[in-house]
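Sharing a sequence plus its predicted fold:
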2 protein chains.
Amino acid sequence: MDQPSLKAVLGQAQAFFASKGLRFTKQREAVTTLIFRTHEHFRPEELCERLRKSDSSASRATIYRTILHLVESGMLREISLGGGERLYDPNFLQSPHHNHLICVDCREIVEFEDPNLDIMQNCITRRMGFSPTEKALRIEGRCDRLRLLGTCKNMKSGKPKKRIGSKRV
Amino acid sequence: MDQPSLKAVLGQAQAFFASKGLRFTKQREAVTTLIFRTHEHFRPEELCERLRKSDSSASRATIYRTILHLVESGMLREISLGGGERLYDPNFLQSPHHNHLICVDCREIVEFEDPNLDIMQNCITRRMGFSPTEKALRIEGRCDRLRLLGTCKNMKSGKPKKRIGSKRV
DNA sequence: ACGAGATTGAGATGCAATATCATTCAGGGG
DNA sequence: CCCCTGAATGATATTGCATCTCAATCTCGT
Ligand SMILES: [Mn+2]
Ligand SMILES: [Mn+2]
Ligand SMILES: [Zn+2]
Ligand SMILES: [Zn+2]
């Protein structure tokens, strides 16, 4: 899917807030902009950090509240990567069906789509007595090849970060 | 795979601790027993609760430490279900390849195995430049049919619990 | 200008998980 | 059997993230 402009995204957000009788305040706009300016998965606390460094500002409470609203609007989704990490994903606007492959060592994430996998996922879901959602399938793996290519983001040091519980060491 | 007896499991644990020069204390034995007596996924805090109610006892610190050891031994695995929940799974001893299907509404979990899915998972993992691990694939869905049958554990009330963040309401 | 209702933000609170560290324990050498 | 040493434990403090509370502020329609 093509990349919606930030302006279009803000319009969509504004429309959603309006439809709920809510205002699109400058704080909410700032948070929305920050989220959809890049296409990165993020942690709420990270977002707070980033916003604090920027010129605009909003309290932690407002940031969390805005995130919830955006999730309700369908523009943003919560994804989970294990280890108790909670991430939000602004990319479903562009690719509504994408899934995630996560490196168990360094938590590097790669997005992918695969129609055959979608079909199989639906079959299994039904077979087990569930009904499919538009949502989430997640695969774990090891980014060995990415590491060889030196494209593995979280690994400046050469060795993957091991995890003990949720802490990287 | 057949169900290993609790005695066998304790033996395996003891052997692992011994191999690391660690003792298999009564606290560690109590925790291990509690974990492998049933075959339920559990949260660490739940486990603390359960242990407190039982006759034996161990401090929270010891419980968390024992869990880490068991994970290192391969007998126990951390699985993740989204929403920042961290669960541990003692069932990989019996079915080393199983995956999880989770209901987005009520968090009900069903285990399943599917060789075809495993194959496809491996293909995708490789295609994206990762190498497969023995681990985890996770699918989300809705347990509508389970709900109709009244077998959905977490739904005494008739309506699924909605989630706002990690809190059920 | 006024008032109702929405919004914000500082701080308090909750909760899981981890870190600290003084005390206890177990097991081997003398 | 006693002592010593390192392993193990557990009470407590601390951290990190997320949510809650509530008084103050803002917006908009009248
Ligand atoms: Mn994504
Ligand atoms: Mn399982
Ligand atoms: Zn990696
Ligand atoms: Zn359900």
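Cool, got the structure. Given the structure is predicted, the values throughout are model-derived calculations rather than measurements. Residues are numbered from 1 along each chain as shown, chains lettered A, B, ... in the order given. Ligands and ions are numbered 1, 2, ... in the order given.

Tell me what angle the longest strand seen in chain A forms with strand B:131-142.
Across chain A, the strand with the greatest residue count (assigned by DSSP state E) is strand A:131-142. If you take axes from the mean of the first three to the mean of the last three C-alpha atoms, to 10 degrees, strand A:131-142 sits at 160 degrees to strand B:131-142.

Now do the SS call for residue A:48.
Secondary structure of residue A:48, reduced to three states by DSSP: H, G, I helix; E, B strand; the rest coil: helix.

right, and it touches residue A:61 too?
No - contact criterion C-beta atoms under 8 Å: residue A:48 and residue A:61 do not qualify, at 10.1 Å. Where C-beta positions appear, they are placed from N, C-alpha and C, glycine not excepted.

Compare neighbour counts for these two and give me the winner.
Relative neighbour count places residue A:48 above the other of residue A:48 and residue A:61, with 17 against 8, counting by other C-beta atoms under 10 Å in any protein chain shown.

which residues does the more buried one contact?
For residue A:48, the contact set (C-beta atoms under 8 Å, 6 or more residues apart in numbering or on different chains) comprises A:60, A:63.

mind checking pLDDT for it?
Confidence per residue is given as pLDDT, and for residue A:48 that number is 96.

Quickly note the distance from it to residue A:65.
Note on residue A:48: its distance to residue A:65, by C-beta to C-beta, to the nearest Å, is 12 Å.

residues shared between the contacts of the two?
Counting by C-beta under 8 Å, 6+ apart, no residue touches both residue A:48 and residue A:65.

Which secondary structure elements does the helix or strand harbouring residue A:28 sit against?
If you go by DSSP states H and E, residue A:28 is part of helix A:26-37. Based on contacts counted as 3 or more C-beta pairs under 8 Å, 6 or more residues apart in numbering or on different chains; DSSP states H and E, the elements that helix A:26-37 packs against are helix A:6-19, helix A:44-53, helix A:60-73.

Off-centre distance for that helix?
Averaged C-alpha coordinates place helix A:26-37 at 15 Å from its chain's average position (C-alpha atoms, centre = their mean, to the nearest Å).

Distance check, the residue nearest to the spatial centre of chain A against residue A:143.
Taking C-alpha atoms, centre = their mean, the centroid of chain A lies closest to residue A:89, which sits 1.6 Å from it. In this structure, residue A:89 lies at 19 Å from residue A:143, with C-beta to C-beta as the measure.

remind me which residues of chain A are low pLDDT?
By pLDDT under 70, the weakly predicted segments of chain A are A:1, A:135, A:145-169.

Not counting the longest strand of chain A itself, show me its contacts.
The list of residues contacting strand A:131-142 from outside it, by C-beta under 8 Å, 6+ apart, reads A:77, A:79-82, A:96-97, A:99-105, A:117, A:121-122, A:125-126, B:82, B:104, B:121, B:124-125, B:128, B:130-133, B:135-142, B:144-145.

For residue A:129, give its distance to DNA strand C.
29 Å (C-beta to the nearest atom of the strand, to the nearest Å).

surely that residue meets residue B:143?
Yes - distance between residue A:129 and residue B:143: 6.8 Å, which falls inside the contact criterion (C-beta under 8 Å).

Return every residue with contacts to both of those two.
Shared contacts of residue A:129 and residue B:143, counting by C-beta under 8 Å, 6+ apart, come down to residue B:110.

so what's residue A:58 closest to, chain neighbours aside?
Ranked by C-beta to C-beta, 6 or more residues apart in numbering or on different chains and with sequence neighbours excluded, the top spatial neighbour of residue A:58 is residue A:27, at 3.9 Å.
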